[in-house]
Every structure is written in C-alpha cells, then in structure tokens.
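*Asks:* Here is a sequence together with a model predicted from it:
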Amino acid sequence: MYLSDASTESDPQTTRQRPGRPLPYREAVELTERKLFDEYTRACAGVRVLEQLRREAMSPQERVRFWEKVLDWLPKLFEIKRTLDEKVRARQISPEDARATLVWQMRHVFPPDYALGSLESELAAARCALSKARWQFMVWQRTGRVPGERRLLHGLAAVPTTLPVPCPPLTCTPPSALLPSIHGFKFPNSFSVTVPLPRPFPPISPGFGLCGGMASAALDYFLSCIPIPSTTAIPPAGTILFNYLLRRQLDSLGPLFNMVRQFMAWTNRPDTKFGPIDGVQELTMPEFSSTISSLSTGKMVVLGLVFVGPAAVSIWLNHQVLAYGVSSGGPGVTNIKIYDPNYPGDDAVVIRCELLSAASRVRCSHVRLSSGATKTVRGFFRMPYSVVRPPCLP
C-alpha cells in the first residue's frame, strides 16, 4: 500500500484482461508500470534512501543509468574503504587522511557528512533508488511527465535525484591527502616508444618511459578533482591518454628542455665535493630543503631522481616521481613519500634522506617499504610543474 499526494501522477490501475486475448498496447504499458511500481514498493520497504546532492536537470533515462552505475560502483567503494582502514591500522596514513580520501571518493553520491553504512544497506538503498527511477521512466515514456514522490506506509520511498558531477566539475576542492593507490595510474610506466628531442639532446629511450608525464598527470587529476582513468592497460600510442601523458612528459623537461641539461650535468658530477666542484649530494641539499618546505605546506613536487653516474652514461636511466608527503624515518632521517609510476598502487615508496657533514650535503636512497628493496639516489632536484586540465576518461 502507498499514500500519494494529490499533485502526483495517478497510480497505474490494475488492468483486466479477457482470457485468450492479448492486452491492448495502453493496458500492457499500464500493467508494466504497475509491476515496476510494485517492484519499487518491495525494494524500498524499510529502506532509508540516499540524500539529494544536486538539482541539475537529469532525464528519467539518465537517472536509471546513474543508479545502475552506483550499484556497480558501491562494492568498489567499500574495497577502497577496506584498503584505507588497513593502511590506518598499519600507521601508513592518519585516520583524518583516510576519512578525507573516502569522502572525496564518495562525493558523487553522498554528502560530505554522510555516515556510510554497511555494503548491504547501501546496496539496498541504491536498489530502491533504481527501482523508483525505472518506474518513473516508464510513466514518463507514456505521459511525458515524471510522477511525484511517494511515501510508502512501510518505509521511506522518496528517493531524491542524485546527479553525476560534470567533468570537469563546476567547483573543485581537492582531498587533503593524495594516495598513489587511489590517485595514481593503475598501469606501470612501461612504454616502448622513442621520443625524439631537438639537437643536441639525446632522444628519450623506451626504457625511460613517460614517468615525468605520469607524475605530472597524476597531480593534474588530483588538483582538478577529476577521477584518474581506471584502466590497468598501458595506453597505446596515438590514444587520448597516451598523447596527454607524452605532452606532460615534454612539459616536465622545462622550457627549451633545460631539465635535460640538468640531468646531463648532474649525472656526470661526482657524488661528493671534489676540489672546487660540488658533488651531487651538495647540490641536492638546497633542493631537499625547498622540497621539505613545500611538502610541509601541502604543496606537492615533481622530482627528478639521479640514479646513474658519474660517467658518460645514458641520462634516461634516471627517473621522475611525484613527492606528496614527508615523515620521519628515525633520528636524523627523513622519508619523502612519493608516487612512483613504476610501482602502481604502492603507497609505501619513499626517498629516504640523511643529512651529512653538518647539513652541507644529503645522502638518499629509493626504498619500497613493503619489500625492503633499496636503490641509491645520487641526488634529486625539483622539476617544473603547472597544472593542466586533464582529459575526462573512464
């Protein structure tokens, strides 16, 4: 049973059919409406449904598609919540950062102060909303009008419209914390393309990939409040995503490719001071200080890591990453948290640095905390970055 407002669409009436004769078209449509309404009634029995976030126009058909997507998305949301809870228990992130990340993931459907229930209860609410949307769509097809809200005697059946956020969004407040497992690309930096550069610079070899483009692009998506593409496949050359990453790779090398010059110069310097020549560790000291200062104020930094040298080696054996946080690694040791495009989904990769010689130089290493794998970082420097609106992709 249900109660209706006088202003709402009248309820579909039960049709009578003579045995052995097919229903006329109108009666068949009304019978379908009635079945959909009954399904809506059953799905919403005892369910407290989702709250409204936006009131932009949405067609009845779009509303059906939206709730179908929500049903598919909810299990993924709870998997993200489970991962965040595990990271909080492992003290890899703070509860506040985990909450902020979850709220950002929920923003398309739930209000900021929404208390997320169990997966079962949220699925029930979404099924209720979908059942109502399907019934309203059927009525709209016949009458050209969307029926008004209904109050069921045995539960709350008013399911306000919840609309998807435009891409790019009309307003943007990035979450307080970046996590590579959520905000990084889901595929590794494993491209087999040679990128020619103007003389006298050597071409970017396939082994280097597009790490600088991926680091810059991940920050673009984060700051633009646009969900990063969910694909786990490496984008082929010529696709929208590949072309965007290639563009950001070239952007990361600076005007007139001055960062290529810096990679070449630092790669061929000694590790430490040799006579009047500063080594890479001395050159890294001011870069380390300015990076820590930026991270402490919440500003993320794209870094160029010098892995190889000193000698005439390929500069494309070096690397680029996105620094997004800082923590203590013990007495006199600082961990710079990084999104490393070579390790998708890994939130436990850091650049571990130790100040030496009265803080005149710094010695660093690349560490994967999950496996303990370590690689020497001879030095690093900040790379140019300006936000670019990324493409909206699934």
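*Replies:* In hand now; what should we look at?
*Asks:* for the protein, what are the low-confidence residue spans?
*Replies:* 1-31, 33, 43, 45-57, 112-113, 148-166, 207, 312 (pLDDT under 70).
*Asks:* show me the biggest strand of it in terms of residues.
*Replies:* strand 319-330 (DSSP state E).
*Asks:* I'd like to know which elements that one is packed against.
*Replies:* Here strand 319-330 touches helix 211-224, helix 280-296, strand 301-306, strand 333-339, strand 349-356, going by 3 or more Cβ pairs under 8 Å, 6 or more residues apart in numbering; DSSP states H and E. To be clear about C-beta, it is placed using only N, CA and C from the backbone, and glycine gets the same treatment.
*Asks:* Redo the ones you listed as CSV? Include mean neighbour count and distance to Val109.
*Replies:* Listed next are those as CSV, based on neighbours: other Cβ atoms under 10 Å; distance: least, Cβ to Cβ, whole Å:
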stretch, mean neighbour count, distance to Val109
helix 211-224, 25, 19
helix 280-296, 18, 32
strand 301-306, 24, 32
strand 333-339, 22, 26
strand 349-356, 20, 31
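*Asks:* These into CSV, with extra columns for distance to Arg65?
*Replies:* Output for the helices and strands packed on strand 319-330, formatted as CSV (distance: least, Cβ to Cβ, whole Å):
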stretch, distance to Arg65
helix 211-224, 24
helix 280-296, 41
strand 301-306, 37
strand 333-339, 33
strand 349-356, 38
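*Asks:* Looking at these, which is nearest to Tyr114?
*Replies:* helix 211-224 (22.0 Å; Cβ to Cβ).
*Asks:* Could you check the angle that closest one makes with strand 333-339?
*Replies:* 80 degrees (axes from the mean of the first three to the mean of the last three Cα atoms, to 10 degrees).
*Asks:* And the next helix or strand past helix 211-224?
*Replies:* helix 240-252 (DSSP states H and E).
*Asks:* Leu71 reaches Ala126, doesn't it?
*Replies:* Yes: between Leu71 and Ala126 there is a contact under Cβ atoms under 8 Å: 5.0 Å.
*Asks:* what about these two, which has more around it?
*Replies:* Neighbour count, other Cβ atoms under 10 Å: between Leu71 and Ala126, Ala126 has more, with 25 against 14.
*Asks:* thought the more buried one was touching Val70?
*Replies:* Yes: using Cβ under 8 Å, Ala126 is in contact with Val70, at 4.8 Å.
*Asks:* can you list the domain ranges for the chain.
*Replies:* 2-152, 180-382 (automatic domain parsing).
*Asks:* Please identify the most buried of those domains.
*Replies:* domain 180-382 (a mean of 18; mean count of other Cβ atoms under 10 Å).
*Asks:* Tell me which stretches of the chain form strands.
*Replies:* 2-3, 151-152, 301-306, 319-330, 333-339, 349-356, 361-368, 373-377, 379-382.
*Asks:* looking at those strands, which is closest to Val388?
*Replies:* strand 301-306 (12.5 Å).
*Asks:* What angle do strand 319-330 and the closest one make with each other?
*Replies:* Put simply, strand 301-306 runs at 100 degrees to strand 319-330, going by the same axes, to 10 degrees.
*Asks:* Strand 301-306 pairs with which strands, parallel or anti?
*Replies:* Partners of strand 301-306 in the sheet, by DSSP bridges, are strand 319-330 (antiparallel), strand 379-382 (antiparallel).
*Asks:* Could I have the CA atoms of the last one written out in PDB?
*Replies:* So that's strand 379-382. Only the C-alpha atoms of strand 379-382 are listed here, as PDB (Å, rounded to 0.1, in the frame of the first residue of the first chain):
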ATOM      1  CA  GLY A 379      70.700  13.200  -5.900                       C
ATOM      2  CA  PHE A 380      67.400  14.900  -6.900                       C
ATOM      3  CA  PHE A 381      66.100  18.300  -8.000                       C
ATOM      4  CA  ARG A 382      62.700  19.900  -8.400                       C
END
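*Asks:* Hmm, Val302 is touching Leu322, no?
*Replies:* Yes: using Cβ under 8 Å, Val302 is in contact with Leu322, at 5.7 Å.
*Asks:* what touches both of those two?
*Replies:* Contact criterion Cβ atoms under 8 Å, 6 or more residues apart in numbering; residues shared by Val302 and Leu322: Ala215, Ser216, Leu219.
*Asks:* Out of these, which comes closest to Arg199?
*Replies:* Nearest to Arg199, judged by Cβ to Cβ, of those is Ser216 at 24.7 Å.
*Asks:* and the closest residue to the closest one other than its chain neighbours, what is it in contact with?
*Replies:* Of all residues not flanking Ser216 in the chain, Arg248 sits nearest, at 4.3 Å (Cβ to Cβ, 6 or more residues apart in numbering). Shown in contact with Arg248 (Cβ under 8 Å, 6+ apart): Leu210, Gly212, Gly213, Met214, Ser216, Ala217, Asp220, Val388.
*Asks:* ok, what's across the strand from Ala323?
*Replies:* Applying DSSP bridges, one finds that Ala323 bridges with Val301, Ile338.
*Asks:* Quick check: the gap between Pro310 and Ile351.
*Replies:* Here Pro310 is placed at a distance of 20 Å from Ile351 (Cβ to Cβ, to the nearest Å).
*Asks:* OK, contacts around His319?
*Replies:* Phe208, Cys211, Gly304, Leu305, Phe307, Asp340, Asn342.
*Asks:* mind listing what Ala359 touches?
*Replies:* By Cβ under 8 Å, 6+ apart, the residues touching Ala359 are Met285.
*Asks:* Same question for the one 10 residues further on.
*Replies:* For Leu369, the contacting residues are Ala348, Val349, Val350, by Cβ under 8 Å, 6+ apart.
*Asks:* What are the boundaries of the helices in the stretch 1-150 of the chain?
*Replies:* For the stretch 1-150 of the chain, the helices defined by DSSP state H, counting those that start in this stretch occupy 25-43, 60-89, 95-106, 119-143.
*Asks:* Looking at those helices, which is nearest to Cys225?
*Replies:* Between those, helix 95-106 lies closest to Cys225; by Cβ to Cβ that is 8.0 Å.
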